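A.B. asks: Got a sequence here, can you model it:
(chains A, B and C)
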Amino acid sequence: MEILSQIFAIIRKDLLMELRDKQVISSMLVFSLIVVVIFNFVFEPGDSQTKLTIPGVLWVLIIFAGNLGLARSFGREREQGGIQGLILCPIDKSYIYIAKVIVNIFFMMLVEAITLPIFWVLFDMSPDINFPALLLVLFLGTTGFAAVGTIFSAISAHTKSSEVMLPILLFPVSVPVVLAASKSTAKILAGSSLGEISGWIKMLIGFDAVFLIACFLLYEYVFEE
Amino acid sequence: MKNSNSLLIVLIGLSGCAILAALFFAFLYAPTEISMGDVQRIFYFHVPSAWSAFLAFFIVCIASIIFLINGSAKMDTLAVCAAEIGVLFITIVLLTGPLWAKPVWGTFWTWDARLTTSFVLWLIYIAYLMLRRQIPSEEKAARLSAVFGIIGFLDVPIVYMSIRWWRTLHPQPVFAGGSGSGLDPRMLTTLFVCIGAFTLLFVTLLILRTGITYAEKELALLKSKLYKG
Amino acid sequence: MIRTEGLTKNFGFKKALSQVSFKIKEGEYAALLGVNGAGKTTLVRILSTLSRASCGGVWMNGLDVKKNSIKIRKIIGVMSHSSFLYPQLSAEENLIFYADMYRIPDKRHYIAQLLKRVGLWERRYDLVSIFSRGMQQRLSLARAILHQPKILLLDEPFTGLDVHAAGLLTDLINENVKNGITVLLATHDLEYAKNHANRILLLKNGILSQDTAASAISLEQITNKLTN
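C.D. replies: Numbering: from 1, shown residues only, chains lettered A, B, ... in the order given. Modelled structure (predicted):
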């Protein structure tokens, strides 16, 4: 119970900070919108070839925007040594990780919720798809990405050029997430049911589980000084 | 010191002989493959390099775990040196693969499971080495890269599986006894000789590299003492 | 209250601290002196559970740091040159967050008292980002003593403060000393340490070279010991 209320306090603090300066959401959102617009110039909307590339572009968009958001969300924590204040609190560092992952998933899903409808309208995509399945894939993919991204943003914050290091660490490791998520998104957009993509869903769940547990255990080593 | 030096010389001599033997087996002993011709012989260097690279990355992971538990600087040095040599071997894999693939598959590169996995591995461990150079404090660099080394290695099987489901073109492992296993016994012998030689080479390189790293650190310490006094 | 035995911190060939042993009794105000790079910050980090020692032991209020880091964090307050505050939040919100983390009962009432004590009650709704350095450090002290710690660890808290702000902070620290809190202050300001602390610890190249009552040593002696 004590831990739950502490996790909740961290989440509330992060949301309150975001409400004040809107740095994370705005950087991700503006970036996403720009990419959608550029994509519109490059490909012909409504073209059948374009339809095939949409899932890939969507996930590239999500991980690039996610990368920006993760960097910002952790950078803010470090401004006044806040992260030290946080780890001096009587809470296991692993639970700080849990709180941070939840916050990062929330921020990313929020941006996805705004970007996706715009994507839909601009590319004239069919509204007749399995919407819950798509939501599930978005959630699982975002969770996997945030699971490793949360620990890597803490690691890269210690480096001399953190904004370069974060994607270099993060993108190769998240290859399975991007692959599984974009493949299942493609199948869903092509009208497949959840049963037909169960293999990919299992892979996403596997990735999420492995890295949530591993990072939960490893997080305490990121913050020793 | 003298003792370990002579041991090292023996090791270097041994791995030199082993590599010569591997060359003999690969080029003279093993028969020419019927359909692919001589280009198939690159397989005797390609597979052992891949094996050594995986061994290296496995050592990175194990050394990192031990380092996080007991904080021993030796384990950290072992992890970095293994990563450096692993990157070297995986680079050989990435270079020899296309040389073979062009005449056989008709293309240098395909996004096949094993190729892509090797490429992603290469990226992960390049990132590992970059990360170390990016952190000013030595201890912090050790700790953070250990965390990354463990996560990176955990990722290997998942990367492999995901890409395998995605698409695969690579020949099935021929010596595992699965379907398509029809390797000439002499070829098999050659392969094992080469794997043995490459493993020995890897161990020698690893010992040499860790020795150099220690010497570097000791030198840096002596220098700092000299300028203080 | 604070006890270390054979405390050593090294990495490979580099030694940050070696064989540091000392005892600080309850209610003592000890100053940890040393030039930059002597190992002060490393020592304070180990005492505050932020960092782990390579060898040796640390006991805070009888608790072993290795086994009871969470319990120890409940009884220590840490203040350093960075404020550990969130500039996007107001003074009150910062304290409320930390109060939630320490699970302090009746937090609003208590925080109000604390803000009055450090003279920031009127500014409680203002964002920390517009605070002056002095105000930030006073709020930081309020954050450090929020959970009524038994031990206060201060690492160069006066960095970047003007005379007036430093004076206010000094009064606040002394008030805590009077209330019986054990204080360890790491600083390079010899004169300040000599004037306020009742115990002097000198750290030189990671070795504890002197451990004495403040009254038993003169300022010149301290200066000599540190520079030689």
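A.B. asks: can we go C-alpha only for contacts and neighbour counts from here?
C.D. replies: Noted.
A.B. asks: show me where chain C has strands.
C.D. replies: According to DSSP state E, chain C carries its strands in the segments C:2-11, C:14-24, C:29-33, C:55-60, C:63-64, C:76-79, C:151-155, C:182-187, C:199-204, C:207-213.
A.B. asks: Compare the ones you listed and report which one is nearest to chain A.
C.D. replies: Put simply, out of these the one that sits nearest chain A is strand C:76-79, at 7.9 Å, with distance taken as CA to the nearest CA.
A.B. asks: same for the closest one, what does it pack against?
C.D. replies: Packed against strand C:76-79 by the contact rule (3 or more CA pairs under 8 Å, 6 or more residues apart in numbering or on different chains; DSSP states H and E) you find helix C:133-145, strand C:151-155.
A.B. asks: re the thing from before, could the strands of chain C be laid out in a markdown table, adding mean neighbour count and mean pLDDT?
C.D. replies: What follows is the strands of chain C, written out as a markdown table (neighbours: other CA atoms under 10 Å in any protein chain shown; pLDDT from 0 to 100):
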| stretch | mean neighbour count | mean pLDDT |
| --- | --- | --- |
| strand C:2-11 | 19 | 88 |
| strand C:14-24 | 17 | 88 |
| strand C:29-33 | 27 | 92 |
| strand C:55-60 | 19 | 90 |
| strand C:63-64 | 16 | 90 |
| strand C:76-79 | 26 | 92 |
| strand C:151-155 | 25 | 92 |
| strand C:182-187 | 25 | 92 |
| strand C:199-204 | 23 | 90 |
| strand C:207-213 | 16 | 87 |
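A.B. asks: Turn the ones you listed into CSV, including distance to residue B:41.
C.D. replies: Conversion of the strands of chain C to CSV gives the following (distance: least, CA to CA, whole Å):
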stretch, distance to residue B:41
strand C:2-11, 46
strand C:14-24, 49
strand C:29-33, 68
strand C:55-60, 54
strand C:63-64, 62
strand C:76-79, 65
strand C:151-155, 65
strand C:182-187, 67
strand C:199-204, 63
strand C:207-213, 62
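A.B. asks: related to what we said a few turns ago, which of the helices and strands packed on strand C:76-79 sits closest to residue C:38?
C.D. replies: For the helices and strands packed on strand C:76-79, proximity to residue C:38 was assessed by CA to CA; strand C:151-155 is nearest, at 13.2 Å.
A.B. asks: wait, what's in contact with the closest residue to residue A:63 other than its chain neighbours?
C.D. replies: With CA to CA, 6 or more residues apart in numbering or on different chains as the criterion, residue A:63 has its nearest non-adjacent residue at 7.4 Å, and that residue is residue A:145. Residue A:145 makes contact with A:63, A:174, A:177 under the criterion CA atoms under 8 Å, 6 or more residues apart in numbering or on different chains.
A.B. asks: Helix, strand, or coil at the nearest residue to the second one once chain neighbours are set aside?
C.D. replies: Put plainly, it is residue A:174. Among residues not flanking residue A:174 along the chain, residue A:145 sits closest, at 6.3 Å (CA to CA, 6+ apart). When states are read from DSSP: H, G, I helix; E, B strand; the rest coil, the local structure at residue A:145 comes out as helix.
A.B. asks: and chain B, which of its residues are near chain A?
C.D. replies: By the criterion of CA under 8 Å from any CA of the partner chain, the positions of chain B lying close to chain A are B:68, B:120-121, B:123-124, B:127-128, B:131, B:134-136, B:140, B:143-144, B:147-148, B:151-152, B:155, B:158-159, B:162-163, B:166.
A.B. asks: tell me the contacts of residue A:64?
C.D. replies: In this structure, residue A:64 makes contact with no residue, judged by CA under 8 Å, 6+ apart.
A.B. asks: Tell me the spacing between it and residue B:125.
C.D. replies: Distance of residue A:64 to residue B:125, computed by CA to CA, to the nearest Å: 21 Å.
A.B. asks: Can you tell me which residue of chain C sits closest to chain A?
C.D. replies: In chain C, the residue that lies nearest chain A is residue C:84 (4.1 Å; CA to the nearest CA).
A.B. asks: and that residue, how many residues sit next to it?
C.D. replies: 27 (other CA atoms under 10 Å in any protein chain shown).
A.B. asks: how near is the residue nearest to residue A:174 to chain C?
C.D. replies: Taking CA to the nearest CA, to the nearest Å as the measure, residue A:145 and chain C are separated by 26 Å.
A.B. asks: distance of that residue from residue C:6?
C.D. replies: 44 Å.
A.B. asks: And the helix or strand of chain A with the lowest mean pLDDT, how far out from the chain middle?
C.D. replies: Of all helical and strand segments in chain A, the minimum by mean pLDDT, DSSP states H and E falls on helix A:82-87, at a mean of 84. Centroid separation for helix A:82-87 versus its chain: 23 Å, with CA atoms, centre = their mean, to the nearest Å.
A.B. asks: which other residues reach that helix?
C.D. replies: Counting by CA under 8 Å, 6+ apart, residues outside helix A:82-87 touching it are A:77, A:93, A:223, C:50, C:83-86.
A.B. asks: One more pass at 10 Å, please.
C.D. replies: Judged by CA atoms under 10 Å, 6 or more residues apart in numbering or on different chains, the contacts made with helix A:82-87 from elsewhere in the structure are A:10, A:74-78, A:88, A:93, A:96, A:154, A:220, A:223-225, C:49-50, C:70, C:73, C:78-80, C:82-87, C:97-98, C:101, C:140, C:143-144.
A.B. asks: burial of residue B:227, as a residue count?
C.D. replies: The criterion is other CA under 10 Å. On that basis, residue B:227 has 7 neighbouring residues.
A.B. asks: quick one: it from chain A, how far?
C.D. replies: Distance, residue B:227 to chain A, using CA to the nearest CA: 27 Å.
A.B. asks: quick revisit: show the buried residues in the residues of chain B next to chain A.
C.D. replies: Buried subset of the residues of chain B next to chain A (neighbour count, 16 or more other CA atoms under 10 Å in any protein chain shown): B:68, B:120-121, B:123-124, B:127-128, B:131, B:134-135, B:140, B:143-144, B:147-148, B:151-152, B:155, B:158-159, B:162-163.
A.B. asks: Out of the residues you listed, name the ones that lie in helices.
C.D. replies: The helices in this structure, assigned by DSSP state H, contain B:68, B:120-121, B:123-124, B:127-128, B:131, B:134, B:140, B:143-144, B:147-148, B:151-152, B:155, B:158-159, B:162-163 from these.
A.B. asks: Confirm residue A:80 sits in a strand?
C.D. replies: No - inclusion of residue A:80 in a strand is not indicated when three-state DSSP is applied; the result is coil.
A.B. asks: Hmm, it is touching residue C:84, no?
C.D. replies: Yes - with contact defined as CA atoms under 10 Å, residue A:80 counts as touching residue C:84 (5.3 Å).
A.B. asks: which of the contacts of residue A:145 has the most neighbours?
C.D. replies: Going through the contacts of residue A:145 with other CA under 10 Å as the criterion, the one with the most neighbours is residue A:177, at 28 neighbours.
A.B. asks: The helix or strand containing it and chain B in contact?
C.D. replies: Secondary structure assigned from DSSP states H and E places residue A:177 in helix A:175-189. Yes - counting by CA under 10 Å from any CA of the partner chain, chain B has neighbours in helix A:175-189: A:175-180, A:183.
A.B. asks: and the next helix or strand after that helix, what other elements does it pack with?
C.D. replies: Along the chain past helix A:175-189, the next helix or strand (assigned with DSSP H and E) turns out to be helix A:198-222. Applying 3 or more CA pairs under 10 Å, 6 or more residues apart in numbering or on different chains; DSSP states H and E, one finds that helix A:198-222 contacts helix A:93-122, helix A:131-156, helix A:175-189, helix B:43-70, helix B:138-166.
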